[in-house]
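**Student:** Build me a model from this:
(chains A and B)
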Number of protein chains: 2
Amino acid sequence: MSKTITCSAPVNIAVIKYWGKRDEELILPTNSSLSCTLSQDQLQTRTSVSFSPTYTKDRLWLNGKEEDVFKSARLRNCLSETRRLRSEYEASLEKKGNSSVAKLSQYFVHAASINNFPTAAGLASSASGYACFVFALCKLYELPISVSDMSRIARTGSGSACRSLFGGFVAWEMGQLKDGSDSQAVQIAPETHWPEIEAIILVVSDAKKATSSTSGMQTTVQTSELLQHRISEVVPRRMKEIIHAIEQKDFKAFAEITMKDSNQFHAVCLDTYPPICYLNDVSKKVIELLTAYNSGPDGIKAAYTFDAGPNAVIYAPKANIKELIQFISFYFPPPRSNPTAYFPDPLKIFQGESWASPKESDFPSQVRGIIPVFPEGSINRIIHTPLGDGPRVLDEGSSLLTAEGLPKEQNA
Amino acid sequence: MSKTITCSAPVNIAVIKYWGKRDEELILPTNSSLSCTLSQDQLQTRTSVSFSPTYTKDRLWLNGKEEDVFKSARLRNCLSETRRLRSEYEASLEKKGNSSVAKLSQYFVHAASINNFPTAAGLASSASGYACFVFALCKLYELPISVSDMSRIARTGSGSACRSLFGGFVAWEMGQLKDGSDSQAVQIAPETHWPEIEAIILVVSDAKKATSSTSGMQTTVQTSELLQHRISEVVPRRMKEIIHAIEQKDFKAFAEITMKDSNQFHAVCLDTYPPICYLNDVSKKVIELLTAYNSGPDGIKAAYTFDAGPNAVIYAPKANIKELIQFISFYFPPPRSNPTAYFPDPLKIFQGESWASPKESDFPSQVRGIIPVFPEGSINRIIHTPLGDGPRVLDEGSSLLTAEGLPKEQNA
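**Tutor:** All right, here's what the predicted structure looks like:
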């Protein structure tokens, strides 16, 4: 017997940032965090997993390229834990008198995974990747566990992956226990609770390779004198406040906390020794533009947040998206080499109109005359997406593996 | 009777940063700070003050342009306090039976002040300016007060001005009293204690007007959640540590604290809402270069520090200055429009050699191959200076005022 399961999982972008581990091995964070799950229709990881008696070892292909599963403790964590749970499950079924239980835990696994967004987009693929891998394994093994249980396993692959197990608004509760059994994701509200909120991702060109999150947060924990205060005082309060804002659909409160927490995350990076600076001059200009935008008569209309790199993610009510993209694309004109990839507009917000030549006179007055206009291509691409649901099981036709358990050619 | 006094005062650059007032009126800081005084032979404010029965009001010319003394509470603070002390002094002398005391406190004052460094250099002139103004008035009035007493008056003009009343290494003790009478500068060590330490100022081109220190620190005090921790925990310990490092001439300890405190100052700026970002991509590159430089076999060889703007100040032992300037001028080539102003070399460290075409192969290996090389003119000017002494009384020939009490033409 053999079986293949194909799943997809979404990207999530935190509004209360995760930065710092209290346990490097188990990936236990120094503070809770909260994110929004973005729609898989725009950005997703798709993963097929299969088992077969013919397989001679565990194998994994990422974007068509084979990875050595045994070299990655994180991949092994996820695979061995789901397999252990399957083995337990098999034993418990047998104990209940079910003698025909398939011993799936004894078979090797093949897996193939692709992202539908270019690596060059600078979007962390580890969150959606590990979430998808673990979710697919749990489905393959038919494990009778909750999504929060799955999130704990995904957490041991990549911390923020645990938040990609749910749609909508998701908290990663840091937990207190040493073994990490209470450090998991929970859904605060589904995406349908507050469908007005959408996201714009500004993909910023940056020659410089950023400090990796893993080593960056390690250095911050070791050297930042301000991090402790953030962990013990600031984040616990902000978690409560932003959950309340989400429940009340209070965008101004949600946005202010989001911006403040992004600022503070980058502040503790700068307080690290040697300092870590993820924001560049383009990022700073985006902050300046949104600060100006939010200073108008209507108050806060959009919230920026930045992860461990210069890319901006902007959360805003649907009604403000068009004018946001208009003035952002004025101050950051498309790259001449590839203007059509700059803003593909799959959601058709500019249907029947031109977005390519925004006129300053059309903008809200508070964002006019904010010089300088940046060189063409300072922002490579604008991605616009609603929030979305958690991992999905896809039909057989979506499989990335052939009947022999090898990656289909399309992914090579 | 009439009299003119001309003085000069130095610039100081903090290594433990002042950021935040607990009293806006009296300019009382939320934490102590510490600075190095730079040599007046390179950078100075010169100020002449005079009184005369013929003057009909208080008048002040800054760089040849008349300012309205009454419009500036800060100028009035300094002038009225020194005048009040003169009046008290006159009364005390009379009380002692001296009946021929000159009632200088009843005359109007004229003052003229110039900086020998261009405003475009982006160096804060308020510290040297207020220090010089107050020092000159105290000399004009022949006040029998200590330099620390003078520093308290200068503090009410511009906080960091109090530190320019001394040479060498200077602490501004924040004090505890409500009236500010214990918030003053004290000399930790004269410049002669540790003459090996020199400074390099990198004047960074920046189109954007920075947030003023006054409003910036106000917003930080109001909104940064991390500032309190810095104030109560971090700075008190760092003050002790850096004073010890200065006393022991321990450059590595001095440099590490200096860099960490610069980082933390910019961290609390970023934690401000809306955030304040004084560092730009050039500043970040300077940090990256010095971090690489300090990662070599000899450990820490130079310390960066940044005030409320993108300019870098580097403190380093004299022995390292030449190679520092070599590799910095390689990564930041001189502006083509004015290459000779880029590095005037008044201290002749490149005497008989070429500094203009640095070769990467000559650099310490840890600073080779750090791309990118920035566009010409990203740094406008390199100023190299030793540390120096406190305010000086200059001879009559240095006066900026004519016999009639008007600014000499050279300053118009």
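
**Student:** Which positions within stretch A:143-152 qualify as buried?
**Tutor:** For stretch A:143-152, a neighbour-count test (16 or more other CB atoms under 10 Å in any protein chain shown) marks A:143, A:147-148, A:150-152 as buried. Where you see a C-beta, it was placed from the backbone N, CA and C, and this is true even at glycine.

**Student:** which of those residues lies closest to B:Glu25?
**Tutor:** Comparing these against B:Glu25 with CB to CB places A:Ser151 closest, at 53.9 Å.

**Student:** tell me the average confidence for the helix or strand harbouring the closest one?
**Tutor:** In the assignment (DSSP states H and E), A:Ser151 maps to helix A:147-155. What helix A:147-155 shows for mean pLDDT is 98.

**Student:** what does it rub up against?
**Tutor:** Residues from elsewhere that reach helix A:147-155, judged by CB atoms under 8 Å, 6 or more residues apart in numbering or on different chains: A:26-27, A:77-78, A:81-82, A:130-131, A:133-135, A:138, A:161-166, A:172, A:180-181, A:183-187, A:390.

**Student:** Out of those residues, which sit inside strands?
**Tutor:** Counting by DSSP state E, the contacts of helix A:147-155 place A:172, A:184-187 in strands.

**Student:** about what we covered before: narrow the contacts of helix A:147-155 to those in helices?
**Tutor:** If you go by DSSP state H, these have A:77-78, A:81-82, A:130-131, A:133-135, A:138 in helices.

**Student:** phi, psi of the spatially most central residue of chain A?
**Tutor:** By CA atoms, centre = their mean, the mean C-alpha position of chain A lies nearest to A:Asn12, the distance being 2.8 Å. The phi and psi values for A:Asn12, taken as degrees, to the nearest 10, are phi -130, psi 150.

**Student:** quick one: it and A:Leu324, what's the gap?
**Tutor:** According to CB to CB, to the nearest Å, A:Asn12 and A:Leu324 sit 21 Å apart.

**Student:** can you check A:Asn263 too?
**Tutor:** For A:Asn263, the distance to A:Leu324 - CB to CB - is 19 Å.

**Student:** what do you get for A:Arg86?
**Tutor:** Between A:Arg86 and A:Leu324 the computed distance is 47 Å (CB to CB).

**Student:** can you check A:Pro190 too?
**Tutor:** A:Pro190 is 25 Å from A:Leu324, by CB to CB.

**Student:** Tell me which of these two has more neighbours.
**Tutor:** A:Leu324 (23 against 18; other CB atoms under 10 Å in any protein chain shown).

**Student:** Show me what the lowest-mean-pLDDT helix or strand in chain A is packed up against.
**Tutor:** Sorted by mean pLDDT, DSSP states H and E, the helices and strands of chain A end with helix A:339-342, the least confident at a mean of 84. Helix A:339-342 is packed against strand A:379-386, with contacts defined by 3 or more CB pairs under 8 Å, 6 or more residues apart in numbering or on different chains; DSSP states H and E.

**Student:** right, and A:Ser52 touches A:Gly405 too?
**Tutor:** Yes - A:Ser52 is within contact range of A:Gly405, at 5.7 Å (criterion: CB atoms under 8 Å).

**Student:** Look at the two and report which has more neighbours.
**Tutor:** A side-by-side neighbour count of A:Ser52 and A:Gly405, using other CB under 10 Å, places A:Gly405 first with 21 against 18.

**Student:** Nearest spatial neighbour of that one, chain-adjacent residues omitted?
**Tutor:** A:His110 (4.1 Å; CB to CB, 6 or more residues apart in numbering or on different chains).

**Student:** and what of A:Val170?
**Tutor:** Using CB to CB, 6+ apart, the nearest residue to A:Val170 is A:Arg163, at 4.6 Å.

**Student:** just to revisit the earlier point, roughly how far out does the helix holding A:Ser151 sit from the chain middle?
**Tutor:** Averaging C-alpha positions (CA atoms, centre = their mean, to the nearest Å) puts helix A:147-155 15 Å from its chain's average.

**Student:** cool, stretch A:350-368 as well?
**Tutor:** Worked out by CA atoms, centre = their mean, stretch A:350-368 lies 30 Å from the chain centre.

**Student:** what's the answer for stretch A:132-147, then?
**Tutor:** 19 Å.

**Student:** For the stretch 101-250 of chain A, which segments count as helices?
**Tutor:** A:126-140, A:147-155, A:213-223, A:227-229, A:235-247 (DSSP state H, counting those that start in this stretch).

**Student:** near chain B, which residues of chain A show up?
**Tutor:** Within chain A, the positions lying close to chain B (CB under 8 Å from any CB of the partner chain) are A:207, A:225-226, A:228-230, A:233-234, A:256, A:259-260, A:263-264, A:266-268, A:270-275, A:277, A:279-281, A:284, A:287, A:291, A:371-372.

**Student:** From the residues you listed, which land in helices?
**Tutor:** Going by DSSP H, the helices hold A:228-229, A:256, A:259-260, A:263-264, A:266-268, A:270, A:281, A:284, A:287, A:291 from those.

**Student:** List buried residues within these.
**Tutor:** A:229, A:256, A:259-260, A:263-264, A:266-268, A:270, A:281, A:284, A:287, A:291.

**Student:** Among these, find me the one that's closest to A:Ala73.
**Tutor:** For these, the nearest to A:Ala73 is A:Val268 (26.4 Å; CB to CB).

**Student:** How much space separates A:Ser2 from chain B?
**Tutor:** Per CB to the nearest CB, to the nearest Å, A:Ser2 is found 50 Å from chain B.
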